[in-house]
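K.L.:
sequence plus the predicted model coming up.
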Amino acid sequence: MKKLGQHLIIATIFSLSTTLPTTLWAKIFIYCSEGSPSSFNPQITTDGTSNNASTHTVYNRLVKFKYGTTEIVPSLASSWKISPDGKSYTFKLRRGVKFHTTKYFKPTREFNGQDVLFSINRQRVKKHPYHHIGGGNYEYFNGMEMGKLIKNVISVDDYTVKITLHNPESPFLANLAMGFMSILSAEYATNLQKKGEMEQIDTHPIGTGPFVFRRYVKDTLIRYRSNKSYFEGQPKLDKLIFSITPDASVRYQKLKTKECHLITEPAPADLKGMMAQSSYIKLMSAPGLNVGYLAMNVQKKPLNRRMVRQAIGHALNRESYIKAIYLGNAMVAKNPLPPTIWSYNDKIRPRSYNLQKAKELLKKAGYPNGFNISLWTLPVSRPYNPNGKKMGEMIQADLAKIGIKVKLVSYDWPTYLAKSRKGEHQMIQLGWTGDNGDPDNFLYLLGCAGVLAGSNVAKWCDKKFDRLLTKAKRLSDRKKRIPLYHQAQEIFRRESPWIPIAHSKIFRAMLTNVDGYKIDPLGGDIFTYVDLK
């Protein structure tokens, strides 16, 4: 009844905001999202659901990606200089930027260098008072070895920050535009520490971004209001509501009844229907910078055997998944990188669907009669896997043909992510949408540092693969980086810690009065520049 009441409230608000003149009523935008955020602090999350709920609404970073592109442009830093040796970055900070005022915090000063130091050092310095708050697991920061890379961070003055690196890092500036490098308020952190409420920094966010967090009702909705003091200018939307709707078909029904302005991850089966309703529904699509995959925990038997992993790869009829689950709106994957990103190795041979080969490999590995194993199925719709349950059932049926008996398991999204970071799974469905357009952003998911950080859910550490990644990201010349990434993809293909499944198109559906929305090539839903006509 409580959830029904929330939905009725949303529908009433929507009806009023769309039938009465905007001069009399605030512009209230309702976004049907696919899941609940695991946190409101992007320092400790990696999933797109949480990213949308915090990174793109509440926070800013020193630099950002220009809307709808992967071009790096100024944000909280108005300009920057890089030293000739590539080891020093000096940022001039924007003046006059205000942190959010909410019921739980009222700032007494504007953004300055102390906030940059706090945000980086919380993740970098183990003795920092906030380092262990929220579990002390900074999956991105540690998985990308930012702690080993950053030598020092100093505030030269209130509006100048200098970051010194131990060695050059080609994707460093792009990494600073990613969600985990969002800038939090040091003053807010100090206030919470004095009150003994430090954990609230991850649940009651304070940022400088376009929208101010107001309220979260778990698994139901998130409410925001526009930031009237936003340094880029107040957003055109007065209020933003995330209506959490995990089922894709329910999201579509809400769009048809105008309970939502925009829905994420429409089901492939609904796309034709949306196209037929073009009088009031607008469907947008773009190539996806993504990969969906089946990861195998190599620390658990029998997945520690390379031939077992290869056998599983040969047993999966991935073409059938593309037809049945993506309805043709994807291509079979063979590499951990999508073909839309530079350094993709097109010479790699895809692992063929070959049951006889799979049985031979299992026999050589010592499992002629197969074995029992569990597979975790994705509980939310993502572009790289729109229906985890159905894919799980198809994988289950395929593996049964070679004697592998699969038990399907799933959890709610935050629990699924938390348990996978700890390595509790055997096989798991996951995927990735690029954060910065650099191949390192995909391949780091397979690096040795990610085993401890939790980002490497295959728990696979190959020293040669790791050395290639390290060498590549320290080079500034793209031409020299490409052959190193090609070699890394060859090792990946041989060792098979993942079975790449698909690279999919991205779709978004919205009412025709939604104006200014662009599909983000990096997978986010950004409402800063959106308006209602």
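P.N.:
That came through, no problem. Numbering: from 1, shown residues only.
K.L.:
just the element for Ile402, please.
P.N.:
Ile402 is part of no helix or strand when elements are defined by DSSP states H and E.
K.L.:
identify the residues contacting Gly143.
P.N.:
Applying C-beta atoms under 8 Å, 6 or more residues apart in numbering, one finds that Gly143 lies in contact with Tyr444, Leu445, Gly447, Ala449, Gly450, Ala453, Gly454, Ser455, Asn456. In this view, the C-beta of every residue, glycine as well, is placed from N, C-alpha and C.
K.L.:
give me the pLDDT value at it.
P.N.:
Per-residue pLDDT puts Gly143 at 85.
K.L.:
quickly note the distance from it to Asp435.
P.N.:
Using C-beta to C-beta, to the nearest Å, Gly143 is found at 12 Å from Asp435.
K.L.:
so where's this protein uncertain?
P.N.:
Counting by pLDDT under 70, the chain shows low-confidence ranges at 1-25.
K.L.:
need the longest strand for it.
P.N.:
Ordering each strand of the chain by length in residues (DSSP state E) puts strand 498-511 first.
K.L.:
count of neighbours near His314?
P.N.:
21 (other C-beta atoms under 10 Å).
K.L.:
again, but for Ser249
P.N.:
Look at Ser249: counted by other C-beta under 10 Å, it has 13 neighbours.
K.L.:
cool, the one 10 residues further on as well?
P.N.:
The local packing count at Glu259 equals 23, with neighbours defined by other C-beta under 10 Å.
K.L.:
distance check, it against Met284.
P.N.:
Distance, Glu259 to Met284, using C-beta to C-beta: 20 Å.
K.L.:
for Arg109, same thing?
P.N.:
Distance of Arg109 to Met284, computed by C-beta to C-beta: 41 Å.
K.L.:
contacting residues around the next helix or strand after the longest strand of the chain?
P.N.:
Counting by DSSP H and E, the element after strand 498-511 in chain order, helix or strand, is strand 514-515. Taking contacts as C-beta under 8 Å, 6+ apart, the residues outside strand 514-515 that touch it are His261, Leu262, Lys282, Val530, Asp531, Leu532, Lys533.
K.L.:
need the contacts of Gly143 in a markdown table with secondary structure, neighbour count and distance to Gly179, can you?
P.N.:
As requested, these are exported to a markdown table (DSSP: H, G, I helix; E, B strand; the rest coil; neighbours: other C-beta atoms under 10 Å; distance: C-beta to C-beta, whole Å):
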| residue | secondary structure | neighbour count | distance to Gly179 |
| --- | --- | --- | --- |
| Tyr444 | helix | 23 | 15 |
| Leu445 | helix | 23 | 16 |
| Gly447 | coil | 23 | 19 |
| Ala449 | helix | 20 | 19 |
| Gly450 | helix | 26 | 17 |
| Ala453 | helix | 21 | 15 |
| Gly454 | coil | 21 | 16 |
| Ser455 | coil | 21 | 14 |
| Asn456 | coil | 24 | 19 |
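K.L.:
redo those as CSV? Include distance to Asn137.
P.N.:
CSV is the format used below for the contacts of Gly143 (distance: C-beta to C-beta, whole Å):
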residue, distance to Asn137
Tyr444, 16
Leu445, 16
Gly447, 16
Ala449, 13
Gly450, 12
Ala453, 7
Gly454, 6
Ser455, 10
Asn456, 13
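K.L.:
so what sits opposite the nearest residue to Leu262 once chain neighbours are set aside in the bridge?
P.N.:
Spatial nearest neighbour of Leu262, chain neighbours left out: Met510 (4.0 Å); criterion: C-beta to C-beta, 6 or more residues apart in numbering. Following DSSP bridges, Met510 is listed with bridge partners Leu262, Lys282.
K.L.:
renumber starting at 38 from here on
P.N.:
All right, first residue 38 from here; so that's Met547.
K.L.:
so who does Met547 touch?
P.N.:
Leu292, His298, Leu299, Ile300, Ile318, Lys319, Met321, Tyr554.
K.L.:
how about the nearest residue to the first one, chain neighbours excluded?
P.N.:
Just to be clear, that refers to Leu292. Spatial nearest neighbour of Leu292, excluding adjacent residues (C-beta to C-beta, 6+ apart): Ile300 at 5.0 Å.
K.L.:
quick check: the one you found vs Asp552, distance?
P.N.:
17 Å.
K.L.:
those two - which one has more neighbours?
P.N.:
More neighbours surround Ile300 than the other of Ile300 and Asp552, with 32 against 13 (other C-beta under 10 Å).
K.L.:
any idea how far Thr414 is from that one?
P.N.:
According to C-beta to C-beta, Ile300 stands 22 Å off from Thr414.
K.L.:
what of Val134?
P.N.:
Distance from Val134 to Thr414, by C-beta to C-beta: 43 Å.
K.L.:
again with Asp195
P.N.:
50 Å.
K.L.:
more neighbours: which of these two?
P.N.:
When neighbours are counted by other C-beta under 10 Å, Asp195 and Thr414 differ, and Thr414 comes out ahead with 22 against 14.
K.L.:
that one contacts Val443, doesn't it?
P.N.:
No - Thr414 lies out of contact with Val443 (C-beta atoms under 8 Å); the separation is 10.1 Å.
K.L.:
overlap in contacts, the two.
P.N.:
Counting by C-beta under 8 Å, 6+ apart, the residues touching both Thr414 and Val443 are Gly429.
K.L.:
between the contacts of strand 551-552, which is closest to Asn212?
P.N.:
The closest of the contacts of strand 551-552 to Asn212 turns out to be Val567 (C-beta to C-beta; 26.7 Å).
K.L.:
correct me, but the closest one touches Leu274?
P.N.:
Yes - using C-beta under 8 Å, Val567 is in contact with Leu274, at 6.2 Å.
K.L.:
need the overlap of contacts for those two.
P.N.:
Shared contacts of Val567 and Leu274, counting by C-beta under 8 Å, 6+ apart, come down to Phe66.
K.L.:
if we can go back for a sec, distance-wise, check the residue nearest to Leu299 relative to Val369.
P.N.:
For Met547, the distance to Val369 - C-beta to C-beta - is 30 Å.
K.L.:
residues in contact with stretch 331-350?
P.N.:
With contacts defined as C-beta under 8 Å, 6+ apart, stretch 331-350 is touched by 353, 388, 394-396, 398-399, 401-404, 408, 410, 412, 432, 436, 439, 441, 460, 462-467, 494-497, 531-536, 538.
K.L.:
list the buried residues for it?
P.N.:
Going by neighbour count (16 or more other C-beta atoms under 10 Å), the buried part of stretch 331-350 is 331-335, 337, 339-340, 342, 344-350.
K.L.:
restricted to strands, list these.
P.N.:
If you go by DSSP E, the buried residues of stretch 331-350 have Leu331, Ala332, Met333 in strands.
K.L.:
tell me the one of these nearest Arg251?
P.N.:
Ala332 (36.8 Å).
K.L.:
how far away is that closest one from Asn406?
P.N.:
Here Ala332 is placed at a distance of 25 Å from Asn406 (C-beta to C-beta).
K.L.:
same question for Lys542.
P.N.:
40 Å.
K.L.:
higher neighbour count, those two?
P.N.:
Ranked by neighbour count (other C-beta under 10 Å), Lys542 and Asn406 place Lys542 first, with 18 against 9.
K.L.:
residue contacts, Leu274?
P.N.:
Contacts for Leu274 (C-beta under 8 Å, 6+ apart) come out as Lys64, Ile65, Phe66, Ser263, Phe564, Val567, Asp568, Leu569.
K.L.:
can you list the residues you listed in TSV and add secondary structure?
P.N.:
Shown next, in TSV, are the contacts of Leu274 (DSSP: H, G, I helix; E, B strand; the rest coil):
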residue	secondary structure
Lys64	coil
Ile65	strand
Phe66	strand
Ser263	strand
Phe564	coil
Val567	coil
Asp568	strand
Leu569	strand
